[in-house]
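Undergrad: Output the structure for:
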Amino acid sequence: MRVHVMDLNIGDRLLVDTFNHYGLHLLSSGTRLRSEDISKLLMHQITYVDIAPKEELEPPKHDFYMLTEESFKELRILYDQAIKGTEELFEEAESTSKVNGQLVQAAFVPMAEYVREQRDVVDLLLELNHKDDYTYQHSIQTGILAHKLATWVGYAEEEALQIGVAGYLHDVGKCRIDQAILVKQGELTEEEQAELAKHTTYGYEIIRNSAYRYPISLVALQHHERIDGSGYPCQLRNSNIHAYTHIVMVADIYSGMISNRPSHIKRDLLTVLQYLYQLSFSKIDATIAHTFISRMIPNFIGKRVRLNNGEIGKIIMNNNTDFFRPLVQIEDRFVNFVSDRTYEIQEIMM
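TA: Take a look at the predicted model:
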């Protein structure tokens with residue numbers, strides 16, 4: 001069945017090998033299309049492809065590439081359990097000055113294992129970004145993103161999961177911070193900022209006193225450092241920051257900025273990727289940041305967006321000249337955000 005590339009769906013199966021106009025092989029026969037595959041076809045200006053008729057497609061036993069409603073229900077149950085388990089973990093850490101490894105295994109590891117094969121991280125974040133308690137939600141998100149990013153940069157699964165745990169525990173020191181500071185609306189005073197900054201050393205002490213030690217404790221201490229020495233608490237520079245921390249640093253910033261916090265309004269997922277790109281020139285590890293961006297960008301294709309003029313559109317393809325200003329379909333017209341700068345994306349939607 002020959003279809004236009006614009007009519008392709010995730011999960012469609014190619015019937016024949018696909019080549020670009022120069023003869024470069026793009027995708028093989030039998031490929032189940034993912035969002036990044038459709039993006040590749042668009043970028044190479046492929047117009048039509050042959051796919052298997054819908055009735056010939058075997059229904060997947062469990063589609064990890066695209067979260068179904070059933071998958072969402074299972075994910076929500078796991079996530080609610082993770083939130084409750086994280087709250088219990090923080091409360092116990094405050095009273096015992098230790099991290100309970102069993103709670104980590106029960107609250108975070110099942111979530112990490114469930115989303116390990118989930119390719120569309122954007123769908124995942126949109127679904128998991130609705131809880132009111134920022135600290136617990138942020139801990140889970142940072143752990144999941146750190147785990148994914150660790151695999152993307154080449155870590156084996158066992159070590160990637162350890163990096164995910166480091167991301168999950170990076171803010172455990174906040175259990176010792178006055179709740180009034182954590183939930184305060186608006187800007188903090190200098191004294192409050194200084195007290196909040198202590199969560200890095202508190203987290204280091206708590207993890208060092210637990211079964212989880214180096215380098216997970218070091219990540220808790222260093223996750224607010226920056227490679228130019230402008231971070232805290234030790235003003236470390238690039239080579240003195242642990243490799244795990246560089247990964248958690250990116251996950252921490254991204255999760256923090258896409259979430260509602262008492263002192264900050266959340267930003268849309270694509271805008272924050274652009275912010276990470278800007279930071280990669282002086283504040284965070286460029287290779288890790290660019291890997292994260294390149295793996296996230298294809299997930300935005302097909303997503304609905306709310307624009308600055310109130311219109312609703314759909315991202316059709318990414319622009320090679322500016323990844324952060326895509327081609328968007330608005331009803332029956334197409335708008336190239338690179339050439340038309342009057343449009344801005346206000347929100348990425350399911």
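
Undergrad: what about the helices in this structure?
TA: 35-43, 69-96, 101-107, 109-115, 121-127, 134-152, 157-168, 179-182, 190-197, 199-208, 216-222, 243-257, 269-279, 286-296 (DSSP state H).

Undergrad: Distance to residue 319 added to these, as CSV?
TA: No exception for glycine: its C-beta is placed from N, CA and C like everyone else's. What follows is the helices of the chain, written out as CSV (distance: least, Cβ to Cβ, whole Å):
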stretch, distance to residue 319
helix 35-43, 9
helix 69-96, 30
helix 101-107, 40
helix 109-115, 28
helix 121-127, 17
helix 134-152, 22
helix 157-168, 31
helix 179-182, 39
helix 190-197, 39
helix 199-208, 38
helix 216-222, 35
helix 243-257, 21
helix 269-279, 12
helix 286-296, 14
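
Undergrad: hey, least reliable of those by pLDDT?
TA: Here the helices of the chain differ in mean pLDDT, and the lowest is helix 35-43 at a mean of 76.

Undergrad: quick one: that helix to helix 286-296, angle?
TA: Orientation of helix 35-43 against helix 286-296 (axes from the mean of the first three to the mean of the last three Cα atoms, to 10 degrees) gives an angle of 90 degrees.

Undergrad: next one: helix 35-43 to chain centre, how far?
TA: For helix 35-43, the separation from the chain centroid amounts to 20 Å (computed by Cα atoms, centre = their mean, to the nearest Å).

Undergrad: buried set for it?
TA: 35-42 (16 or more other Cβ atoms under 10 Å).

Undergrad: Contacts for that helix next, please.
TA: 5, 8, 10, 18, 26-27, 31, 49, 119-120, 298-299, 301-302, 316-318, 320 (Cβ atoms under 8 Å, 6 or more residues apart in numbering).

Undergrad: mind redoing it with 6 Å?
TA: 5, 8, 10, 26-27, 298-299, 301, 317-318 (Cβ atoms under 6 Å, 6 or more residues apart in numbering).

Undergrad: and which of the residues you listed is nearest to residue 224?
TA: residue 299 (27.3 Å; Cβ to Cβ).

Undergrad: hang on, the earlier thing: and which of the buried residues of helix 35-43 is nearest residue 231?
TA: Of the buried residues of helix 35-43, the one sitting nearest to residue 231 (Cβ to Cβ) turns out to be residue 36, at 32.8 Å.

Undergrad: Test my guess that residue 166 contacts residue 215.
TA: No - using Cβ atoms under 6 Å, residue 166 is not in contact with residue 215, being 7.1 Å away.

Undergrad: returning to what we had before: in strands only, show me the contacts of helix 35-43.
TA: The strands, defined by DSSP state E, take in 26-27, 317 from the contacts of helix 35-43.

Undergrad: Kindly reformat the residues you listed as JSON lines containing distance to residue 115.
TA: Shown next, in JSON lines, are those (distance: Cβ to Cβ, whole Å):
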{"residue": "26", "distance to residue 115": "28"}
{"residue": "27", "distance to residue 115": "25"}
{"residue": "317", "distance to residue 115": "26"}
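
Undergrad: Noted, bye for now.
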